[in-house]
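Student: here you go, sequence then predicted model.
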Amino acid sequence: MARYNGPKCRLCRREGTKLYLKGTKCEGEKCTLNKRFQAPGQHGNPRRKRVSEYGVQLREKQKAKRIYGILEKQFKNYVDSSLKSKGVSGEVLMQNLESRLDNMVYRSGFAVSRAQARQLIRSGFFMVNGKVVDIPSLKLKVGDIIKPVSFEKIHLREGFILPEWLEANIKERQVKYSRMPALEDLQSDINIQLIIEYYSR
């Protein structure tokens with residue numbers, strides 16, 4: 001399955017909620033979802049049909065995949081790994097997703113979206129523990145430090161709030177992964193339990 005390269009606003013309309021895939025546009029009045037709430041396509045606005053339990057789980061899984069920009073095979077690997085772990089499967093899954101380098105760059109305010117974060121990482125604009133890294137899916141560990149190679153090419157996202165599990169060093173212009181996030185730390189409308197149930201069938 002190839003990566004989706006079509007209009008990102010269609011994905012938000014399909015899921016019926018903002019996925020914040022286009023940065024500041026999603027937060028303003030120009031957001032497409034404000035004007036066209038119905039799902040895309042010829043049959044996007046029929047009479048409301050009753051959605052099965054499977055359908056609800058599927059949509060939740062699709063929503064999470066699209067928020068983090070992950071393909072099906074990779075996402076399933078994350079789920080399988082969390083199901084085999086000793087901790088709470090849902091919490092472990094979210095920690096694995098949040099520990100990705102592209103997500104950390106986005107959470108740190110160095111990019112307006114996760115897609116932009118991936119592009120900047122692939123271009124070699126970020127260092128992890130003093131070494132340039134170009135792998136967006138790299139899993140960071142507690143204690144790792146993220147720093148832009150050059151701030152001239154990085155524009156901090158306006159109005160962002162640094163999560164509690166990250167620690168900023170303004171003098172050194174870097175962000176430290178200080179602790180693993182808990183489910184209550186994540187301000188997300190993803191129902192992680194539905195995703196676990198989908199893959200546990």
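Tutor: The structure has been received and is ready for your questions.

Student: spatially central, which residue of the chain would that be?
Tutor: When the chain is reduced to its mean C-alpha position, the nearest residue by Cα atoms, centre = their mean turns out to be residue 68, at 2.9 Å.

Student: where does pLDDT dip in this structure?
Tutor: Residue ranges of the chain with pLDDT under 70: 1-49, 187.

Student: and it, what are its domain boundaries?
Tutor: 8-91+189-199, 100-179 (automatic domain parsing).

Student: let's verify residue 92: helix, strand, or coil?
Tutor: With DSSP: H, G, I helix; E, B strand; the rest coil as the basis, residue 92 sits in helix.

Student: spit out the contact partners of it.
Tutor: Residues near residue 92 by Cβ atoms under 8 Å, 6 or more residues apart in numbering: 81-82, 85. Just so you know, the C-beta spots here come from the backbone N, C-alpha and C atoms, and that holds for glycine as well.

Student: run the chain-centre distance for the helix or strand that residue 168 is a member of.
Tutor: Per DSSP states H and E: residue 168 is located in strand 166-169. Remark: strand 166-169 is offset 19 Å from the chain centroid, using Cα atoms, centre = their mean, to the nearest Å.

Student: same check on stretch 91-109?
Tutor: That offset, for stretch 91-109, works out to 7 Å (Cα atoms, centre = their mean).

Student: check stretch 149-164 too.
Tutor: Its chain's average C-alpha position is 16 Å from that of stretch 149-164, according to Cα atoms, centre = their mean.

Student: list the contacts for the closest residue to the residue nearest to the centre of the chain other than its chain neighbours?
Tutor: The shortest distance from residue 68 to any residue other than its chain neighbours is 5.2 Å, reached at residue 97 (Cβ to Cβ, 6 or more residues apart in numbering). The neighbourhood of residue 97, defined by Cβ under 8 Å, 6+ apart, consists of 64, 68, 70, 78, 103.

Student: relative to residue 91, how far out is residue 97?
Tutor: 11 Å (Cβ to Cβ, to the nearest Å).

Student: about what we covered before: look up which helix or strand the residue nearest to residue 68 falls in, please.
Tutor: helix 89-98.
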